[in-house]
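Undergrad: coordinates only, sequence not included:
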């Protein structure tokens, strides 16, 4: 019993470290408007600054996504915390646009290092028979951290002094505390290998996976693209179109999408993969329609509803996509297939978001948003129709 308590304590502490790191990746979200005022750049630059994060994540996932299997979980996570600290320092020192690019890149590197390694670490620290609860801890830490970032930054920016410094000072302190916690936790990788044995994970797609992968990847792409738009340009839309200049409100709207995603991921166990994927696609489509209504009629309640419905759809579809794709993959190629799915998903965070930024100047945010919604609606509707005609399961999870 005492051993179980110790192992659950370690599992929860690892989850807390995971949450702190992921919170840092979304911390700048409600602050982009302030940076625009300070440095005088366009909406396109906001989306590019945001998208740099995705490039950092993709690079790490492909080049060193399996590093923690070789050198151990703690060393990789400590490097990830170092990247998170470097990101906070870049934002604290920001005197121009270059610092923002550097901060977002370091943030992407930290997320890329944490995504796989921290999830595995949380699961491995749990006592035997606790995998389901540990999965909840890992999921809640990941998506909950992403939600806590804009919420924390928005509250501090709105109700405390030095809005462009204090959020990053607080996060830097939390990162230091997290590093101290991590150093006290046990290592779970017993047989370690030199870093030189780590090889890049090449994306792979065996023939038998392709029919499952196409709709699953499409839904993942749309879900991450919706998150990308919420976290990059929604604060600007709230300020320009809805006259909402409260940073705490902007942060809360974005946070709701991530919290709803957590609920959606947890619901997959009850709904089942076969129904979760098309249901997630339907919810994503509903979120896009609500967002279109918000853009058309400038209504804050529709923005909130879009965050909740679209976030839940993203959670449902992405977790179901992971399970379905993993189940359809040959065991010796499973890691490569999952890496490919993550690459597609994080491409969704970058490419469509930059497209919105490109269209924002000639068409305005509302026009650019409606073009984005139309394109994403076509994609997710096609995926939903395909899934209804050819349901997917998870033979091997």
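TA: Noted; the coordinates are in hand. Computed from a predicted structure; not experimentally measured. Residues are numbered from 1 along each chain as shown.
Undergrad: Is residue 128 in a helix, a strand, or coil?
TA: Three-state call for residue 128 (DSSP: H, G, I helix; E, B strand; the rest coil): coil.
Undergrad: Count the residues that sit near it.
TA: 7 (other C-beta atoms under 10 Å). Every residue, glycine included, has its C-beta placed from N, CA and C.
Undergrad: for residue 138, same thing?
TA: Residue 138: 21 surrounding residues under other C-beta under 10 Å.
Undergrad: which secondary structure elements does whichever strand or helix holds it contact?
TA: Following DSSP states H and E, one finds residue 138 within helix 131-159. Under the contact criterion of 3 or more C-beta pairs under 8 Å, 6 or more residues apart in numbering; DSSP states H and E, helix 131-159 touches helix 2-26, helix 97-125, helix 166-184, helix 247-271.
Undergrad: packing partners for the longest one?
TA: For helix 97-125, the packing partners by 3+ C-beta pairs under 8 Å, 6+ apart come out as helix 2-26, helix 32-39, helix 43-64, helix 67-71, helix 73-93, helix 131-159.
Undergrad: what's the closest of these to residue 267?
TA: Nearest of the helices and strands packed on helix 97-125 to residue 267, taken as C-beta to C-beta: helix 131-159 at 11.1 Å.
Undergrad: how about the helix holding residue 138: buried residues?
TA: Burial within helix 131-159, assessed by neighbour count using 16 or more other C-beta atoms under 10 Å, is assigned to 134-158.
Undergrad: follow-up on the earlier one: please name whichever of the helices and strands packed on helix 97-125 is nearest to residue 195.
TA: Nearest of the helices and strands packed on helix 97-125 to residue 195, taken as C-beta to C-beta: helix 67-71 at 5.4 Å.
Undergrad: which other helices and strands contact that closest one?
TA: With contacts taken as 3+ C-beta pairs under 8 Å, 6+ apart, helix 67-71 sits against helix 73-93, helix 97-125.
Undergrad: Hmm, residue 287 is touching residue 227, no?
TA: No: if you go by C-beta atoms under 8 Å, residue 287 and residue 227 don't touch, sitting 10.3 Å apart.
Undergrad: Between the helices and strands packed on helix 131-159, which one is closest to residue 191.
TA: Evaluated with C-beta to C-beta, those place helix 97-125 nearest to residue 191, the distance being 13.5 Å.
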